[in-house]
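Participant: Have a look at this prediction, sequence included:
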Amino acid sequence: MNRQIPISAADFLPAGRTLPALRQAAATCRGCELYMRATQTVFGEGPEDARVIFVGEVPGDQEDRQGRPFVGPAGRILEKAAREAGVPWEKAYLTNAVKHFNWEPRGTRRIHKKPREGHIEACLPWLTAEVEALAPEVVVCLGSTAVRAVFGRTLRVGDYRGSFHRSRICDATFVTVHPSSLLRLPEAVQRHEEYARFVNDLRKVGERLRL
């Protein structure tokens, strides 16, 4: 008899859906093959009374090593921009669409690799459970992978950027770019302009939370 192979994180969800229970269960998730090369599961982090969830793509190298989301340069940009935009950072929960680091070697470095659709769907039960446990007022999609996870289909970020839409996990879902995209811009002037645009995007989230 063939042993049943898990096909998603749904096989690892705990009976109790509190954040501590979810985090503990996610630590042993084998719902896709990414766990085999990652250091650890990088689950979401933030207060249990969070009002907004920021959803990124996949943990990066530093996140994988530390076991915490958004601890690298992109995370610092996100926090700075959110605070400038009036988003209550102490009420923000940070997570990723995919909880294990996906990478490829380049010399001695581990370079981030975009997760496949199968990875996104396999990990979706964790994200859905996080949203259900927190019941946030707003979910913010940072970049195309988050958009794919939250909306269930591939959409152009540019077509939806800076606006709210109903998604399969939250009625108030906001779309913007991932802050890592700002780090890849070669010119300082362009980085400054795009950062200001990113702050303006997040200002709409801050305004929504003040209603």
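Facilitator: Received the coordinates, thanks.
Participant: Pretty sure residue 55 sits in a strand.
Facilitator: Yes - using DSSP: H, G, I helix; E, B strand; the rest coil, the assignment for residue 55 is a strand.
Participant: Look at it and say how many residues are nearby.
Facilitator: A count of neighbours around residue 55, defined by other Cβ atoms under 10 Å, yields 28. All C-beta spots, glycine's among them, are computed from the backbone N, C-alpha and C.
Participant: Likewise for residue 7?
Facilitator: Residue 7: 12 surrounding residues under other Cβ under 10 Å.
Participant: List the contacts of it.
Facilitator: Residue 7 sits next to 31, 122 when contact means Cβ atoms under 8 Å, 6 or more residues apart in numbering.
Participant: Please, which helix or strand holds it?
Facilitator: Under the criterion DSSP states H and E, no helix or strand holds residue 7.
Participant: So, low pLDDT: which residues of this structure?
Facilitator: 1-6 (pLDDT under 70).
Participant: what about the helices in it?
Facilitator: Along the chain, counting by DSSP state H, helices occupy 19-26, 61-66, 73-84, 117-134, 144-151, 157-160, 180-183, 188-209.
Participant: Out of those, which one sits most buried?
Facilitator: Per-stretch averages of neighbours, counted by mean count of other Cβ atoms under 10 Å, single out helix 144-151 among the helices of the chain, with a mean of 24.
Participant: Can you spell out which helices and strands pack onto it?
Facilitator: Packing partners of helix 144-151 (3 or more Cβ pairs under 8 Å, 6 or more residues apart in numbering; DSSP states H and E): strand 52-56, helix 117-134, strand 138-142, helix 157-160, strand 173-176.
Participant: Dump the C-alpha coordinates for the fourth one into PDB.
Facilitator: Coordinates of each C-alpha in helix 157-160 appear next as PDB, following Å, rounded to 0.1, in the frame of the first residue of the first chain:
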ATOM      1  CA  VAL A 157      -0.600  44.300  -9.500                       C
ATOM      2  CA  GLY A 158      -0.500  47.500 -11.500                       C
ATOM      3  CA  ASP A 159      -4.200  47.200 -12.500                       C
ATOM      4  CA  TYR A 160      -5.300  46.900  -8.800                       C
END
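Participant: Report the distance from that helix to the chain centre.
Facilitator: Distance of helix 157-160 from the chain centroid (Cα atoms, centre = their mean, to the nearest Å) equals 17 Å.
Participant: That one - contacts with which helices or strands?
Facilitator: The contact analysis (3+ Cβ pairs under 8 Å, 6+ apart) places helix 157-160 against helix 144-151, strand 173-176.
Participant: quick one, what contacts residue 198?
Facilitator: With Cβ under 8 Å, 6+ apart, residue 198 has these contacts: 77, 81, 176-177, 179, 182.
Participant: swap in residue 59?
Facilitator: With contacts defined as Cβ under 8 Å, 6+ apart, the neighbours of residue 59 are 38, 42, 69, 96, 98-101.
Participant: Burial check on the nearest residue to it once chain neighbours are set aside, number of neighbours?
Facilitator: Spatial nearest neighbour of residue 59, excluding adjacent residues (Cβ to Cβ, 6 or more residues apart in numbering): residue 42 at 3.9 Å. Residues lying near residue 42 (other Cβ under 10 Å) number 26.
Participant: and if you look at residue 108?
Facilitator: 5.
Participant: Return the distance of it relative to residue 184.
Facilitator: 21 Å (Cβ to Cβ, to the nearest Å).
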